[in-house]
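K.L.:
below are the sequence and a predicted model; questions follow.
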Amino acid sequence: MHLYINNMSYFFNNLLGHAANFLTVIRAARLTASTDVTVLILGESGTGKECLAQAMHYHSHRAQKPFIAINCAALPENLAESELFGHRKGSFTGAFADQQGRVQAANGGTLFFDEIGELPLNIQAKLLRFLETGECQVIGKTHLDKVNTRILAATNLDLYQAVQQGKFRQDLFYRLNIVPLELPPLRERLSDLEMLLHTFTKKLSQHYDLPCPSYSKATLKQLHHYKWPGNIRELHNFCERMLILLSGKTIEPTHLPSEYRAVRPQIEKFTLPDTGINLQSLEISMINQALYKTYGNRSQAARLLGLTRDTLLYRIKKYAIEFKVK
């Protein structure tokens, strides 16, 4: 029996939610985890991209091998190659000893590139070679090393747009984008809000040994109006703050931090012209405009329109919309 079968619970214990758009991503991640295919995890900051990458690792046949994470945004450009592939003593000024690279450290396991869009262009070329051949060259060595490492990458950037702007290699983008998985932001899965709120609060109360606060109906309603720009990470931090400051109490809207109290439900008003409108033509126009603004990214276009991605895809098919980036 493979080890990954015993780690299936990692998904359920660490990636919480029942929203349909979230569960679709989780199902795809579980199917993909048992393979060695390269995966590109998309989503806004705080949606749980690294947590998803870890779940895929622990659900794979590589679970007993290392999971190594690299924050590409924090890699100094002049040391990025050495950090990734290692170096030999004396190979450059300051190389006082041999250093193993992250790629070699993850041999047999998984290497996770967080914020892959921030990786310097010259290193992107070397990563592409490794993805294609499984070979890398330690600085100061004359021969190539063969390393068996699975690559998972994540970004909150639109890599397609970065390719168009010359900030990201097109060939690397297509090599990473074999299986894209996009985690929805919290504002698009608000049906999970209360469950996550209570789960985080309970776990934190056990950690701090403090009694859980409770949330009034008015407070919960107010929290549903908030956009949660920091997503799951922000919600977790919010729960921690409320537990520390108001443990054991009932939290009312007046107790909420100012940024949460200031939010009011938005009532959008559209005035129908006396001449009427062609609703179908208007809908087609709105969809085309959203696709144009997002360079054809359907997930982002759906957000602009206030739709789920599946609903947008249905309407694109329904109206036979063919969008091409000019």
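P.N.:
On my side now, so go ahead.
K.L.:
could you say which helix or strand holds residue 259?
P.N.:
Using DSSP states H and E, residue 259 sits within helix 258-261.
K.L.:
mind saving the C-alpha coords of that helix as PDB?
P.N.:
Only the C-alpha atoms of helix 258-261 are listed here, as PDB (Å, rounded to 0.1, in the frame of the first residue of the first chain):
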ATOM      1  CA  SER A 258     -13.200  49.800  12.000                       C
ATOM      2  CA  GLU A 259     -12.400  48.300   8.500                       C
ATOM      3  CA  TYR A 260     -15.100  45.600   9.100                       C
ATOM      4  CA  ARG A 261     -17.700  48.000  10.600                       C
END
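K.L.:
tell me the mean pLDDT for the helix or strand following that helix?
P.N.:
Next helix or strand after helix 258-261 toward the C-terminus (DSSP H and E): helix 279-293. Here helix 279-293 scores 85 as its mean pLDDT.
K.L.:
try stretch 215-227
P.N.:
Averaged across stretch 215-227, pLDDT comes to 94.
K.L.:
mind saving the C-alpha coords of that stretch as PDB?
P.N.:
The C-alpha trace of stretch 215-227 is given here as PDB (Å, rounded to 0.1, in the frame of the first residue of the first chain):
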ATOM      1  CA  TYR A 215     -20.600  35.900  17.100                       C
ATOM      2  CA  SER A 216     -24.100  37.400  17.000                       C
ATOM      3  CA  LYS A 217     -26.300  37.100  13.900                       C
ATOM      4  CA  ALA A 218     -25.800  40.800  13.200                       C
ATOM      5  CA  THR A 219     -22.000  40.400  13.300                       C
ATOM      6  CA  LEU A 220     -22.000  37.400  11.000                       C
ATOM      7  CA  LYS A 221     -24.200  39.400   8.500                       C
ATOM      8  CA  GLN A 222     -21.700  42.300   8.700                       C
ATOM      9  CA  LEU A 223     -18.800  39.900   8.100                       C
ATOM     10  CA  HIS A 224     -20.500  38.600   5.000                       C
ATOM     11  CA  HIS A 225     -20.500  42.100   3.500                       C
ATOM     12  CA  TYR A 226     -16.800  42.500   3.900                       C
ATOM     13  CA  LYS A 227     -14.600  41.700   0.800                       C
END
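K.L.:
check contacts around residue 307.
P.N.:
Taking C-beta atoms under 8 Å, 6 or more residues apart in numbering, we find residue 307 in contact with residue 315. All C-beta atoms are positioned from the backbone trio N, CA, C, and that covers glycine.
K.L.:
how about it, phi and psi?
P.N.:
Main-chain torsions, residue 307, degrees, to the nearest 10: phi -120, psi 160.
K.L.:
following the helix or strand of the chain with the lowest mean pLDDT, which helix or strand comes up?
P.N.:
Across the helices and strands of the chain, mean confidence by mean pLDDT, DSSP states H and E is lowest for helix 3-6: a mean of 42. Downstream of helix 3-6, the first helix or strand assigned by DSSP H and E is helix 9-14.
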